[in-house]
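A.B. asks: Provide a 3D model corresponding to the input given below.
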Amino acid sequence: MAREDRPQRQKDMPDKRIPTIKLLILMAAIGWLLSACGGSQTPDEGAFEQGTFAIDSLFRSFYNRLGGEEVLGPAISEVTTTGSLQIQYTAAGLLVYDSQASGDQRFSLSPIGNDLGYSDPPNGSPTQEGEYRVDGHVLYSPFLTLYEQLGGKSVVGSALTDVRYNAEHNRFEQFFENLGFYLLAGDDPENVGLLAYGVFNCGPSCSYRPPIHSEVEQRASLPEPFASMAARLGTTFTGPLLAGPYRAADGNSEVIFENLVLYVNPEDPSRAYARPIVRQIGFEPQPLAERINSPVVYFFEMEDGKGHNIPVRLNSYIAFHGSLDIAGLPISEVFAYGENVYRQCFENLCLDYYPNADPLLQIRPAPLGTLYKAQNYNQIEQNSQEVSSIRLNVWLESPQVTSEQTQTIYISVFENETPQANLQATITLTLPDGSQSFYLFPTTDLSGNAQLTVPKVLASNGTLVPFVVCIENIGPGGRICEHESYLIWGNP
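C.D. replies: Okay, here's the model as predicted:
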């Protein structure tokens, strides 16, 4: 039987304390960051070296009830009090105690997952037997045991996304308001873990570094109309943002996601469109085919009674994610692509079908945006005009790091001798396997400075990690970039 998580509070009785609680949590977090910077609270030396702290006695029972360090990770801050709230970060979340609440409502986890910016539209497909749905999203079955052990929606919070495959971390992941779940691809389903929400939210004020497979990054923000279109399609469908917005060779504003490319025509700035990239990256369309008479196939007629046969499941997936306006017209039949993978291509994207995967993960957009970026974006970058009056400086915390160390990258931006504040730079790292990772710097401060710590890179001694830092939409040239690299060295 299909199940649906039910909220504990009736919908017609909203909690009027929620805005106040959120404000107090924010004030408490700011207070903790200030105290951490001022050094007024000194942990014992061993805990400080590891970036971990003892769980405060106030939270110990609640923390242990949720699984303790084995589930939530270690405490990575000390407890802070602001008004009626006391908070303490763990690697996976933010513990909250509200003295003005009653009973079990006094203890909770803060919805810090909302700050990551990940969201998917509710899954509109018919509910299947055995599915567990939370806020219109199907809970990935390997996550169900830990989800229920934690206490369900009352602890984990509302579902933000469907399950998705994260190629960079080689894991399946699903985001909720208070906690995020992951499972490494090919791992035992019993080894489900929690994403490092707490580490992300605490930021540079917490020195603890989580295992690389649990790290989580913020979804990059976009201007309109890209933001609305991306939200409508969902982060699981688009994949992470790889580049942009920037001015493409044809004069359109463009953003590259892992799975597709969106553009905006400056003469029609109210709407974003999917760019027809599939032919452009080298795929040759197949000849039109005859109709297949089958109840599991939808025939899309194109010319003289011929067209392409689209499996009903793929057609339903396309209909839910923007229809052919996003996918474009079909340009192939289904064909074998690798071992136990089948692909069908459309003008703007390709869909991969994994028949042996979990039903929620059988259909996935192919990561064609990565190929498009490699072929087009770097060329745009080389042809862009640098702005001579603006200077972008880039330097490293260390010219070499081990595979167990992160790297911190610093930038400063000046126009002539004047610091440039409120500018946001991007960084693209090229990893040893040839793939690329994209991150956003915080905006520059009043001194024109910003810094970003990028994740560990697993590589052998002597591996060079090249990267490029860019600032878009700046000055008459529109773009300024600096290329640098660092060395992996010192591994045992």
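A.B. asks: can you list the domains in this protein?
C.D. replies: 3-214, 220-378, 384-488 (automatic domain parsing).
A.B. asks: could those be laid out in JSON lines, adding mean neighbour count?
C.D. replies: Placement of C-beta: from N, CA and C, glycine included. Formatted as JSON lines, the domains of the chain follow (neighbours: other CB atoms under 10 Å):
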{"stretch": "domain 3-214", "mean neighbour count": "18"}
{"stretch": "domain 220-378", "mean neighbour count": "17"}
{"stretch": "domain 384-488", "mean neighbour count": "16"}
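A.B. asks: in JSON lines: these, plus mean pLDDT.
C.D. replies: Below are the domains of the chain laid out as JSON lines (pLDDT from 0 to 100):
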{"stretch": "domain 3-214", "mean pLDDT": "80"}
{"stretch": "domain 220-378", "mean pLDDT": "91"}
{"stretch": "domain 384-488", "mean pLDDT": "82"}
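A.B. asks: got phi/psi on the residue of the chain most remote from its centre?
C.D. replies: Distance from the centre of the chain peaks at Asp304, with 44.4 Å (CA atoms, centre = their mean). The phi and psi values for Asp304, taken as degrees, to the nearest 10, are phi 50, psi 40.
A.B. asks: ditto for Phe300
C.D. replies: Residue torsions, per degrees, to the nearest 10, at Phe300 are phi -100, psi 100.
A.B. asks: quick one, what contacts it?
C.D. replies: 307-310, 329-330 (CB atoms under 8 Å, 6 or more residues apart in numbering).
A.B. asks: can you pick out the most distant pair from these?
C.D. replies: The largest separation in the contacts of Phe300, counting by CB to CB, is between Asn309 and Leu329 at 13.5 Å.
A.B. asks: mind checking the SS state of Gly113?
C.D. replies: The local conformation at Gly113, judged by DSSP: H, G, I helix; E, B strand; the rest coil, is helix.
A.B. asks: any idea how far the residue nearest to it when sequence neighbours are not counted is from Ile112?
C.D. replies: Spatial nearest neighbour of Gly113, excluding adjacent residues (CB to CB, 6 or more residues apart in numbering): Glu177 at 4.9 Å. The gap separating Glu177 from Ile112 is 8 Å, by CB to CB, to the nearest Å.
A.B. asks: what do you get for Ser437?
C.D. replies: Ser437 is 23 Å from Ile112, by CB to CB.
A.B. asks: show me where the stretch 201-350 of the chain has its helices.
C.D. replies: 226-233, 235-238, 312-320, 323-327 (DSSP state H, counting those that start in this stretch).
A.B. asks: surely Arg291 and Gly305 touch.
C.D. replies: Yes: counting by CB atoms under 8 Å, Arg291 touches Gly305, with 7.4 Å between them.
A.B. asks: now stretch 430-449: how far from the chain's centre is it?
C.D. replies: 15 Å (CA atoms, centre = their mean, to the nearest Å).
A.B. asks: begin at 576, not 1, for the rest of this chat.
C.D. replies: Shifting the count to begin at 576 puts that one at stretch 1005-1024.
A.B. asks: start to end distance for that stretch?
C.D. replies: 24 Å (CA to CA, to the nearest Å).
A.B. asks: same question for stretch 790-802.
C.D. replies: Terminal-residue distance, stretch 790-802 (CA to CA): 24 Å.
A.B. asks: mind telling me what element the closest residue in space to Ser1012 that isn't next to it in sequence is part of?
C.D. replies: Once flanking residues are discounted, Ser1012 sits nearest to Leu1004: 4.7 Å by CB to CB, 6+ apart. Secondary-structure element containing Leu1004, defined by DSSP states H and E: strand 1000-1005.
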